[in-house]
Every structure is written in C-alpha cells, then in structure tokens.
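Participant: Take a look and give me a structure for this.
(one chain, ligands or ions: 1)
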Amino acid sequence: MTVLRSGSATDTGLVRTSNQDSLVATASLFAVADGMGGHAGGEIAADLAVRTLESAFIRQPSGMGLADAVNAANHAVWKASEERPELRGMGTTLTAMALVNEQGRDILALVNVGDSRTYRFHDGELTQITADHSVAEEMVRAGEITPAEAAVHPRRHILTRALGVADGVEVDLWRIHPNRGDRYLLCSDGLTNELGNGQIAEVLASVPDPDQAADLLVRAARSHGGSDNITVVVVDVVLGDEVRDVAEPVVPVAQDFVLSARGATPVGVAEPMAVPEARLPTRRERRRERRRERRRTRSRRLITVRTLLFVVLLGAVLAGAYQAVRWFDTSSYFVGLNGNELVIYEGRIGGFLWYKPAEAERTGVTVADVPAEFLPSLRQGVEEPSIDKARTYVHNLEVEQALRTSSGTSGTGGIPPVPITSTTKAGG
Ligand code: MN
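Facilitator: So this is what the prediction gives:
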C-alpha cells in the first residue's frame, strides 16, 4: 500500500504577463506543463495537454497508460493547432508522475517530454531523474559540452522535443519504486533557472508540508528574478515500503513508447530569457556561516560581560574612594573667622583634595566676645572632631571672656587664662 501526499504552487513570475504553465495534482496523478507559442497559444497548449492527460490516464491507469495518455495529449494539442491558424506552432513540455499498480506492485510511473523536470529528493540528496530535451542538454549527453557550459548555452532554451508540434512524440518513461520518505519535485524551468540544486534541496529538507514547500520554492524563484512562469508540484511518499538500498535503478524505457522519433531536431523554442545566476548559500556554507556568527556573538558577549564587570568594579572602587575622602573631609570641623565673626566650618583647614571647607554654622560670636590671645589661633583655624565640640569650644571662649570681664569689673581676678580645650593651645 502506497500513499502519496502532494502540494503545488504556480506563479506568473515578475516578467511575463501571463502564466503559460499548467499543473495537475490529484491523489495519484501529478503533472507540470510549460506551454509556448504566441498569443494564447502557450496557455492553451499546456492546459489542453494536462486535461487530456488526466482524462486519458483515468481510462488506463498504468505505466503504459500514462505513456499513452501523453500521446493522447500530444495529439489533442497538435490537432488544435492544426484547426486554429492563430494557434499554429504552439506546443508544451510535459512531465508527469502517477501511482500505478502493476502485477500487484505499487509503482511510480514517470514520463517526460521537453525541459520541465522531475527530481527525487532522497536522504537529503536531490537528483534530477528526467533528461531535458533541449539542444544544450543533448550536447551535454553527447559529451560535447559540460553541464556548466550548458547552463549558459545560447541554445539552452531550444527544445529538441515538445508536445503538440507533430502528430506523434517520443516519450521517456521510468518505473520507480515508491520508497517511503522520498519526495518528488515536478517543476517548470522557471524554478530551475532561478534556483540551484542546493537551494531547492534546502527547502525540500526544511519544509515538511508539501504545499508549503511548493509555495516557498515558487516564492524563492520569484525573489531570485522570477523571469519566467514558475510551477512546482511536490509529492511525498508518506506510506510505502522503506527500501534502505536505493540502488534500485530508475530505468528509462522510452523505446517501448516511441511513436514518432524526431531525433535531435529542435521542435520548439522556449522564450529566451536572462536568468541571473543568483543563489542562496549552500547548506555547508550556511552551516559555516552560522558557526562563524556564533563565535562572533560569543566573543561579543564575552567582551560585553568583561567590560561591564570592569565598569562595575571601577565604579565600586571610585565610589569607595569618594566615600572615604568624603568621610575624612566631613568627619572634621574647625572654628575660624569670617570677618569679625567666629564660624564653624566643616572640612579640613585649607581644604582637602577638591573639598573646600564649607560654612557649617555661623555662631553670632564676634572677636570682641573672646579673649584676644585666642585670635591668632582662630585666624588659622582650631580643629574639633565634631560640630558639638566646635560649639563647646566657641561657648567656652565666650565664658572665658565673660569671666574675665566680670572678674575685671568685680575685682575678683586671679583666674589664669587657661587652655579651654585640650586641642587648643592657649595663645599668647
Ligand atoms: Mn518556462
């Protein structure tokens, strides 16, 4: 029992005015057609091809039936172009995959005409199964040019095989084992001209939902130029046998179904376009870049932490020093003179570092209120350990003077001028 799940997306792109791609995504049939031909020709050819394919395949759902359905589609397009002169020369590519049962075995049948592609994504590896029927790709297969040369070859968009340009077409057919977990990608060249294998694989690897994956691929191709119509069908084998050994060959059996071989004669020309070879980074490059970015971030963070730590510590040291200085400065007072008035100053005599002594208290006591022999000391400043001690000192000077005055007037005398506080030397 094999179960498939698919998602699809199509877009006109940024350059073309109409979408000449068509797609089919049913439970068991998937197809992408890229039409070409002037006026409405391309649109009609692609649309007619996939609709004819679908109805013909339903009547004969087998590998052989799918190849026959391609021939039915070819005939329908060719007939329409014969009957309507304005559609003459129209044609289309067609790649289609179908789940069929042959001799009791589920098989994926794959067909291709033209340069739309079917890829298998297995184990993170993207492999193109179909072979492009274009001049450049035929030259690669003949060993005349390299794939890199083919990518920029002037005739790379010239098809050697297309649907609807003759009454008969050679169809490539593959029978593939539906390996559980495998993912298939059917797409028009509007995707592969804009995105490299690595970019496509990146999306297929990272977006599990087939609809979202298809949508993201189309959007990526748009953002890389979108110079052509872009069509994507993603098919997941969600149920089926898991074959560890995928060496089982993908076998083209085209020769069984040749109705009309046209050799390598160009039969259709897809519109040439300028496709910038812009690309997303490969997975390895992205991993390397992520590692580099992580390292950068880590060292940035480390520097930040170190800087922060340094600033904090420096701040603490400075604050400590500031407090110490401030403490040293504010923990002392002195009594000095401001004009004739005794004033209590906070700070050190003459200042300390950037601290200038500040007036803490005016006493209202003048030089006339204190004994004269203390004046030289007061002019220099008399230190006291606290503001209370400073007040006491001033008070004592007043008392001393008052005693002297009263003793002088009352005649008691005999009281010597003694030092009033231990920190004050009596002048004189
Ligand atoms: Mn195209």
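Participant: host element of the spatially closest residue to residue 384 that is not a sequence neighbour?
Facilitator: Once flanking residues are discounted, residue 384 sits nearest to residue 390: 4.0 Å by C-beta to C-beta, 6 or more residues apart in numbering. In this view, the C-beta of every residue, glycine as well, is placed from N, C-alpha and C. Applying DSSP states H and E as the criterion places residue 390 in helix 387-410.
Participant: Pull out the buried residues from that helix.
Facilitator: 389, 390, 391, 393, 394, 396, 397, 398, 400, 401 (16 or more other C-beta atoms under 10 Å).
Participant: Show the average pLDDT along it.
Facilitator: Across helix 387-410, pLDDT averages out at 81.
Participant: mind exporting it as CSV, just the C-alpha atoms?
Facilitator: Extracted in CSV, the C-alpha atoms of helix 387-410 (Å, rounded to 0.1, in the frame of the first residue of the first chain):
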residue,chain,number,x,y,z
ILE,A,387,30.3,70.1,65.4
ASP,A,388,29.2,69.8,69.0
LYS,A,389,32.8,70.0,70.2
ALA,A,390,33.3,73.1,68.0
ARG,A,391,30.2,74.7,69.5
THR,A,392,31.5,73.9,73.0
TYR,A,393,34.8,75.5,72.2
VAL,A,394,33.2,78.7,71.0
HIS,A,395,31.0,78.7,74.1
ASN,A,396,34.0,78.2,76.4
LEU,A,397,35.7,81.2,74.7
GLU,A,398,32.7,83.3,75.4
VAL,A,399,32.5,82.1,79.0
GLU,A,400,36.2,82.8,79.5
GLN,A,401,35.9,86.3,78.2
ALA,A,402,32.8,86.9,80.2
LEU,A,403,34.6,85.7,83.4
ARG,A,404,37.5,87.9,82.7
THR,A,405,35.3,90.9,82.1
SER,A,406,33.3,90.2,85.3
SER,A,407,36.4,89.5,87.3
GLY,A,408,37.9,92.6,85.9
THR,A,409,35.0,94.7,87.0
SER,A,410,34.2,92.9,90.2
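Participant: and that helix, what other elements does it pack with?
Facilitator: strand 333-338, strand 341-346, strand 358-366, strand 382-384 (3 or more C-beta pairs under 8 Å, 6 or more residues apart in numbering; DSSP states H and E).
Participant: Could you work out which of those reaches nearest to the ion?
Facilitator: strand 358-366 (88.2 Å; C-beta to the ion).
Participant: Who does the closest one pair with, and is each partner parallel or antiparallel?
Facilitator: Strand pairing for strand 358-366, using DSSP bridges, gives strand 341-346 (antiparallel).
Participant: Mind listing residues that contact the partner strand?
Facilitator: 329-330, 332-337, 357-367, 369-370, 378, 381, 387, 390-391, 394, 397 (C-beta atoms under 8 Å, 6 or more residues apart in numbering).
Participant: For it, buried residues please.
Facilitator: Buried positions in strand 341-346, judged by neighbour count with 16+ other C-beta under 10 Å: 342, 343, 344, 345, 346.
Participant: again, but for stretch 153-160
Facilitator: Residues of stretch 153-160 classed as buried: 153, 155, 156, 157, 158, 159, 160 (neighbour count, 16+ other C-beta under 10 Å).
Participant: next one: stretch 347-364
Facilitator: Quick answer for stretch 347-364 (16+ other C-beta under 10 Å): 347, 348, 357, 360, 361, 363.
Participant: With adjacent residues omitted, what lies nearest to the fifth one?
Facilitator: It stands for residue 361. Closest to residue 361 by C-beta to C-beta, 6+ apart is residue 344, at 4.3 Å.
Participant: next one: the third one
Facilitator: Nearest-residue entry for residue 357: residue 347, 3.5 Å, with adjacent residues in sequence omitted and distances by C-beta to C-beta, 6+ apart.
Participant: On the pLDDT front, check residue 193 for me.
Facilitator: For residue 193, the pLDDT comes out at 92.
Participant: actually residue 89, not the one I typed
Facilitator: Looking at residue 89, its pLDDT is 87.
Participant: Now the terminal residues of stretch 201-216, how far apart.
Facilitator: Stretch 201-216 has its terminal residues 12 Å apart, counting by C-alpha to C-alpha, to the nearest Å.
Participant: Please identify which helix or strand holds residue 295.
Facilitator: According to DSSP H and E, residue 295 maps onto helix 283-330.
Participant: Please work out the average pLDDT along that helix.
Facilitator: 74.
Participant: one step back: make JSON lines out of the buried residues of stretch 347-364 and add distance to the ion.
Facilitator: Shown next, in JSON lines, are the buried residues of stretch 347-364 (distance: C-beta to the ion, whole Å):
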{"residue": "347", "distance to the ion": "90"}
{"residue": "348", "distance to the ion": "91"}
{"residue": "357", "distance to the ion": "91"}
{"residue": "360", "distance to the ion": "93"}
{"residue": "361", "distance to the ion": "96"}
{"residue": "363", "distance to the ion": "102"}
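Participant: residues from the stretch 101-250 of the chain in reach of the ion?
Facilitator: Within the stretch 101-250 of the chain, the positions adjacent to the ion are 188, 189, 190, 228 by C-beta under 5 Å from the ion.
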